[in-house]
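give me a model of this one.
(chains A, B, C and D)
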4 protein chains.
Amino acid sequence: MNSTDYDTHRENVAGRSDVEDTPELVAYYKELERLNTAALWTVANKIEPWQPKSVSVPVLWRYQGLREHVLRSVSLVTPEKAGRRVIYLDNPGRRDVSAAVGWLYSGLQVMHPGEIASAHAHSSSALRFIMEGKGAYTIVDGHKMALGANDFVLTPNGTWHEHGVEADGLPCIWQDGLDIPLVNALEAGFFTVHPDLHQAVTHPVDDSVALWSAAGLRPHDLGWNKPYSPLFKYQWEPTYEALRRYAAGREDSPFDGALMHYTNPVNGGHVMATIGASMQLLRPGFVGKAHRHTGSFLYQVAKGQGYSIIEGRRFDWQERDIFCVPSWAWHEHVNTSRTDDACLFCFNDLPVMEKLSLYREEALVDNGGHQPLIAA
Amino acid sequence: MNSTDYDTHRENVAGRSDVEDTPELVAYYKELERLNTAALWTVANKIEPWQPKSVSVPVLWRYQGLREHVLRSVSLVTPEKAGRRVIYLDNPGRRDVSAAVGWLYSGLQVMHPGEIASAHAHSSSALRFIMEGKGAYTIVDGHKMALGANDFVLTPNGTWHEHGVEADGLPCIWQDGLDIPLVNALEAGFFTVHPDLHQAVTHPVDDSVALWSAAGLRPHDLGWNKPYSPLFKYQWEPTYEALRRYAAGREDSPFDGALMHYTNPVNGGHVMATIGASMQLLRPGFVGKAHRHTGSFLYQVAKGQGYSIIEGRRFDWQERDIFCVPSWAWHEHVNTSRTDDACLFCFNDLPVMEKLSLYREEALVDNGGHQPLIAA
Amino acid sequence: MNSTDYDTHRENVAGRSDVEDTPELVAYYKELERLNTAALWTVANKIEPWQPKSVSVPVLWRYQGLREHVLRSVSLVTPEKAGRRVIYLDNPGRRDVSAAVGWLYSGLQVMHPGEIASAHAHSSSALRFIMEGKGAYTIVDGHKMALGANDFVLTPNGTWHEHGVEADGLPCIWQDGLDIPLVNALEAGFFTVHPDLHQAVTHPVDDSVALWSAAGLRPHDLGWNKPYSPLFKYQWEPTYEALRRYAAGREDSPFDGALMHYTNPVNGGHVMATIGASMQLLRPGFVGKAHRHTGSFLYQVAKGQGYSIIEGRRFDWQERDIFCVPSWAWHEHVNTSRTDDACLFCFNDLPVMEKLSLYREEALVDNGGHQPLIAA
Amino acid sequence: MNSTDYDTHRENVAGRSDVEDTPELVAYYKELERLNTAALWTVANKIEPWQPKSVSVPVLWRYQGLREHVLRSVSLVTPEKAGRRVIYLDNPGRRDVSAAVGWLYSGLQVMHPGEIASAHAHSSSALRFIMEGKGAYTIVDGHKMALGANDFVLTPNGTWHEHGVEADGLPCIWQDGLDIPLVNALEAGFFTVHPDLHQAVTHPVDDSVALWSAAGLRPHDLGWNKPYSPLFKYQWEPTYEALRRYAAGREDSPFDGALMHYTNPVNGGHVMATIGASMQLLRPGFVGKAHRHTGSFLYQVAKGQGYSIIEGRRFDWQERDIFCVPSWAWHEHVNTSRTDDACLFCFNDLPVMEKLSLYREEALVDNGGHQPLIAA
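Numbering: from 1, shown residues only, chains lettered A, B, ... in the order given. Modelled structure (predicted):
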């Protein structure tokens, strides 16, 4: 802004600010600055927009292409030196905060058999979604979990956690998802390295699944009052089966086909305090309609192929591709296969939007509910 | 009470009532009666006991013996004439309110292939637990459920519901459980017969299972704000499997082995507003310790054999037997098999006890945690 | 019931039980009795009524008349001998459980200056409402409260509590309200006498009022997680003033004029786990319409005069009179003064009805919303 | 960052990233950039700090000095042209988002008698705190409130609201507080101008106070399920009185003297979904100890004089001065008067910190709990 351009946000609309710069006003503005103040009407229309316009850009990260770069990092750095060996998704509109979309961070982590990353804890909430390999595991507060493709695992706010790949495994790649940018923005980030660098496994492997993953059943003698789910691992097979049952039992959502949220079995709510996650199934040939809502969403294609139109641009995707839908961006999904269903994993900041009463959604009514494509 | 015996509850303990009848006092008491009043100290020690002493009697209803009587009712009355053809469990201490224990009603209902009971709704909460047969079904608000042995099904407060057996089925017997005595005691019972006597099936069969029985997953687009679970049927096989996983993943409770509560997936709480239910597994050779707690509990042996000691008396049980544990009664369970596990289904009024802040429990410390047997 | 009269509850209505006794059936019923069982259809219509019919009788206890009997008890028993010197309200339909209405107990307690009742705790929830005198006080868990006419005070479930009158006071009478019958019915009553018979006052007098009675303000550093209000005393003057403001700020309820519930400031809910309480103001000349609802209600006239019609019978009341409205009984209130408002204090079991999803209400539509009077 | 400086955040600590730039790595990093990705280890130590370091700067805005500039705006712009005539507090560390501290906006608004600002609604939550003048009012969804000095008023998320000064009033200044920066950051901001530019007053003036500001009492027949308090105005006099009672009834908090949170009477929680507010009283001579916590806090001196030490710097304050405490900044407050108490109004983002499980606090243990002053 030119130092004399204070009126760049004027709108000639009743109830909005519409004050033209004059020499007297500009002099006044400069006096205000010396007092660490400013005139609201010079920025009101900017800071009170009619509706959200996300600074995040719709992006699709193609796994093909990205994968080799991720694998190459193995020869370039060790987990010891790197802390964690991760290539993160850097949204062109969010480079300043290292976010994939909105206030959500995401990266692809690779580990070789026998490697172990050091244990730490942080006030960020974290999750991972397994993409490939064999023998991956995560330990959360002494609970070890064995992980396979499309498994979804939590390492919540405040827990000690560490990752590794068994010595007899195969190189593993998974997607990390965290609220690091949000926690930093809220100036509430704490980080601790485990005093022993590694934690002991103090419970049977996968015990959180054994104890907490029974539908409609709750352990009698295990209390739980933490702000996240006691079930840390959500396996792919039962999730996929549940989705198929759900899809068969009702009509599709016009926007999302059959979508289920991962939940905290203790209260039926979101899995963690700041991050929600879901898996959705698009039937063969599903052609979704467009809607938009507040909140930031990052998708990984767990199965199948198709495309999404986001803010008028088409993004073709196949298994393992990752793409984002920024807040209030129009989006619609299509499964291009006539024979196979497609599944989209997603994590998002819905818990934040809901708790702060900021969630809002809208369906596209024009054009049969479909966005016109923007010419490239 | 003799009309001059007002002092039968005296206790010579500081802080308790200890007033001897005198002619003057008795005259005074009689005056009070004319005003619809009385002196608290004549009943205080009675109505404020040191601890609960249930009027319900521990009873075991042996299925063998009872079963033939239940079956015989088929030839004696029709569902049309009887409303429902049920033999109910009539606790000797609760005959005035037709309760099996405390304020819980329970009965054994029998239906033959092709029979249908009429649809109704009531403010009582109801459940059933299937004991034998083939082709049983229940319809709740248009949702039809097919039922097999050890399946547990809800017909909650206010829902239209009806039962039947498919024409190609076999005679079916199930246990009904209701809070009728409680709702009557609270003077809140309403009853309505369905205007058409039968309701239409408006959803796919077992859709509540398809939509709501995925562990750690919640349908995105199905709201639910009723005071009971949207999952109406809890099937035996996954319940048993969950119990086995749970039993394997942790140490036994000294009192209950591995016990899981059936839950409302929407909020993790009890299945209905007034009635809770659970299934527990006692490993081969399990010898439980004694404890007692408030609340009334009615058990059905879903699998196996063993015995329970209740208030010092031993009750041997085998599959399909039913027994009750009254409030604040000492009880301990034993699986007498060395090779097979035993499973106890139970329904109870825990939601009432918990919501009203009246739940309390205590472990037996003497005698190694085991009750001395009372000589017969 | 005559031993051969099993068919006294027959109803010739589809969906209801309508089975006539036959010799064969009667023989069958007798066999069932030997097994601690019975046939549901012999009692179904009785235990599943179309709607509630309370066993409690509408009663008005006139303070004039009762007062002298209460005062006379002072010369007849000491608090030490009596435990508490209370004349309780004995509803003719509830003598078996010593209830004033439904499952609610109430009594009038009298103490002379210098008298102290011993301290105890019980699982019943209790309250008192001060009727007359000077110098009354209650101590709850070390918090002492000074009490005046129309003050409302809690002695919740599990707290140590004791009552007394200061040596320089005047004889005091107050109404006690408890859920003793309910807690007994639920077989969850525990009673303990304080080991020292009296407790120390460990906080400033009336500190719960100082700390917790600020509208729209909450102490920063006082936690509270008990199932009852931390505010133990609700004083008359601010309550009356609040009611007048409330009555001025909106239209009357056709049934209740201006009615406010006493609340737990921590969560806005009822004051205790099982008992709710309210104060309502009827403007000069207020003529209420009739409605009915589940739950049991006991009223004390805190101010003014008028009458209530309950189940078609008129009960004229003036200050300090007490009357009850049983569950599902039609009732309507009238303030007969043209110049003064009338205030009714009430305590009830609404928390129970609401938590157990048993609350239901209905307005009278016929006859302009007024009950026809039943000839005496 | 120089394009070859990727290793500026290295830390030589086990578990942290410590990777030195090499030509090969730099080449790799540049390839990653082309794929909209980057290596986590180049930024990990930056985005996962050991603890928060706020970008907001502690600032004190002196009312003396600021006041004349605020008043001068009256002659410079009309409310019609300006939308609202507000001078906002522009934290030197938060100029990019127009925040006073963290994600909280605040400004001083001035209106002359007879002026009215246009009505609008937005997804931001707003409050005001009256500083001076006579005749100020706010209308929220048809509820008009008359406002005096130190009154606190809500204009919550989604409500139509407008402000004005009565024609017979005096020029008024008040402090606005909003979460505009937060809502913008979360990309959830919507703004609507009222179709008529002004709303009708549809309720009695101050009815929310009449209906909802009775301590320990709740209107029977007014439901409320919105995510903010139905009580829109918190008046100064009862607040001050409540604080004095509270201060008298217990020991001071070592950090905050006697601090009370403004609450939503419906549930005892914070007044709005994203913004909390409090008033605290520091006794004459109060010398607080230092602590720090997450969350952003903006204070206005409602009464008295003293100083606060924030991050080692002393800020002297008197009535109407405003100052901020950024997240995790050490702070301690002192009342320098020996005779008069001091009161600090504060609004903050505590609801956000608490709901997202990000609240943490710490007391200073060294140096007797007092910060050493940093030399100027």
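
which strands and helices lie in contact with the longest strand along chain A?
Using DSSP state E, we find that the single longest strand of chain A is strand A:161-178. Strand A:161-178 sits against helix A:63-76, strand A:105-111, strand A:120-122, strand A:126-140, with contacts defined as 3 or more Cβ pairs under 8 Å, 6 or more residues apart in numbering or on different chains; DSSP states H and E. (Each C-beta comes from the backbone N, C-alpha and C, glycine too.)

what are the pairing partners of the last one, and which direction each?
This points to strand A:126-140. strand A:143-147 (antiparallel), strand A:152-155 (antiparallel), strand A:161-178 (antiparallel) (DSSP bridges).

show the pLDDT at the nearest residue to A:Ala214 once chain neighbours are set aside.
Excluding its sequence neighbours, the residue lying closest to A:Ala214 (Cβ to Cβ, 6 or more residues apart in numbering or on different chains) is B:Ala242, at 3.2 Å. Looking at B:Ala242, its pLDDT is 96.

how near is A:Gln300 to chain B?
17 Å (Cβ to the nearest Cβ, to the nearest Å).

residue contacts, A:Ala82?
A:Ala82 makes contact with D:17, D:19, D:39-41, D:44, according to Cβ atoms under 8 Å, 6 or more residues apart in numbering or on different chains.

how does it look with 10 Å?
A:Ala82 makes contacts with A:73, A:76, A:109, A:117, D:16-19, D:39-42, D:44, as judged by Cβ atoms under 10 Å, 6 or more residues apart in numbering or on different chains.

if you count contacts, what does the next helix or strand after the longest strand of chain A end up packed against?
Moving toward the C-terminus from strand A:161-178, the next helix or strand (DSSP states H and E) is helix A:180-185. Applying 3 or more Cβ pairs under 10 Å, 6 or more residues apart in numbering or on different chains; DSSP states H and E, we find helix A:180-185 packed against strand A:105-111, helix D:44-47, helix D:180-185.

show me how far helix A:180-185 is from its chain's centre.
13 Å (Cα atoms, centre = their mean, to the nearest Å).

three-state assignment of the residue in the stretch 251-376 of chain A positioned nearest to chain C?
Distances between the stretch 251-376 of chain A and chain C by Cβ to the nearest Cβ are smallest at A:Asn267, namely 17.2 Å. What DSSP: H, G, I helix; E, B strand; the rest coil gives for A:Asn267 is coil.

skipping adjacent residues, who's closest to it in space?
B:Gly268 (4.8 Å).

where's the residue lying closest to A:Asn184 once chain neighbours are set aside relative to chain B, distance?
Using Cβ to Cβ, 6+ apart and skipping residues adjacent in sequence, the residue nearest A:Asn184 is D:Ile47, 6.1 Å away. D:Ile47 is 30 Å from chain B, where distance means Cβ to the nearest Cβ.

tell me the pLDDT of D:Ile47.
What the model reports as pLDDT for D:Ile47 is 95.

wait, it sits on A:Arg95?
No. The criterion here is Cβ atoms under 10 Å, and D:Ile47 misses it with A:Arg95 at 11.9 Å.

what's the burial count for the residue nearest to A:Asn267?
Applying other Cβ atoms under 10 Å in any protein chain shown, we find 18 residues neighbouring B:Gly268.

in what helix or strand does A:Thr239 lie?
Following DSSP H and E, one finds A:Thr239 within helix A:236-248.

the following helix or strand past that helix - contacts with which helices or strands?
As assigned by DSSP H and E, the chain's next helix or strand after helix A:236-248 is strand A:258-262. Secondary-structure packing of strand A:258-262 (3+ Cβ pairs under 10 Å, 6+ apart): helix A:236-248, strand A:276-282, strand A:342-348, strand B:217-219.

hang on, the earlier thing: D:Ile47 and A:Arg95: which is more packed in?
Between D:Ile47 and A:Arg95, counted using other Cβ under 10 Å, D:Ile47 has the larger neighbour count: 21 against 12.

okay, the helices and strands packed on strand A:258-262 in CSV with mean neighbour count next?
Formatted as CSV, the helices and strands packed on strand A:258-262 follow (neighbours: other Cβ atoms under 10 Å in any protein chain shown):
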stretch, mean neighbour count
helix A:236-248, 18
strand A:276-282, 25
strand A:342-348, 25
strand B:217-219, 23
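
export those to a markdown table and tack on distance to D:Met353?
Below are the helices and strands packed on strand A:258-262 laid out as a markdown table (distance: least, Cβ to Cβ, whole Å):
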| stretch | distance to D:Met353 |
| --- | --- |
| helix A:236-248 | 32 |
| strand A:276-282 | 19 |
| strand A:342-348 | 21 |
| strand B:217-219 | 26 |
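
tell me the contacts of the one residue in chain A that gets nearest to chain C?
Nearest residue of chain A to chain C: A:Asn225, at 11.2 Å (Cβ to the nearest Cβ). Taking Cβ under 10 Å, 6+ apart, we find A:Asn225 in contact with A:Val266.

you'd agree it is in a strand?
No. Counting by three-state DSSP, A:Asn225 is not part of a strand but coil.

please report phi then psi for it.
Dihedral pair for A:Asn225: phi -130, psi 20, per degrees, to the nearest 10.

pLDDT score for it?
92.

same check, this time on A:Ala149
A:Ala149 is assigned 96 on the pLDDT scale.

ok, A:Ala119 next?
So, for A:Ala119, pLDDT stands at 95.

what's near enough to touch it?
Taking Cβ under 10 Å, 6+ apart as the test, what A:Ala119 contacts is A:139-141, A:159-163, A:192-199, D:15.

kindly recompute the last result at 7 Å.
Applying Cβ atoms under 7 Å, 6 or more residues apart in numbering or on different chains to A:Ala119 gives the contacts A:160-162, A:194, A:197-199.

which PyMOL command selects the buried ones in these?
The PyMOL selection below is limited to those of those classed as buried (16 or more other Cβ atoms under 10 Å in any protein chain shown):
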select buried, chain A and resi 160+161+162+194+199
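
most widely separated two among the contacts of A:Ala119?
The distance between the two most remote of those (Cβ to Cβ) is 12.7 Å, for A:His161 and A:Leu197.

quick one: low-confidence parts of chain A?
A:1-4, A:376 (pLDDT under 70).

which parts of chain A belong to which domain?
Here the domain parsing of chain A from automatic domain parsing is A:1-49, A:60-212, A:233-369.

related to what we said a few turns ago, would you turn the contacts of A:Ala82 into a markdown table with distance to chain C and neighbour count?
Formatted as a markdown table, the contacts of A:Ala82 follow (distance: Cβ to the nearest Cβ, whole Å; neighbours: other Cβ atoms under 10 Å in any protein chain shown):
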| residue | distance to chain C | neighbour count |
| --- | --- | --- |
| A:Ser73 | 49 | 21 |
| A:Leu76 | 52 | 17 |
| A:Gln109 | 41 | 24 |
| A:Ala117 | 39 | 23 |
| D:Arg16 | 37 | 21 |
| D:Ser17 | 40 | 23 |
| D:Asp18 | 43 | 20 |
| D:Val19 | 46 | 21 |
| D:Ala39 | 45 | 26 |
| D:Leu40 | 40 | 25 |
| D:Trp41 | 42 | 28 |
| D:Thr42 | 43 | 24 |
| D:Ala44 | 37 | 24 |
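
and these, which is closest to A:Met131?
When the contacts of A:Ala82 are ranked by distance to A:Met131 (Cβ to Cβ), A:Gln109 comes first, at 9.4 Å.

isn't that closest one up against A:Ile87?
No. Checked against Cβ atoms under 7 Å, the pair A:Gln109 and A:Ile87 is beyond contact range at 8.1 Å.
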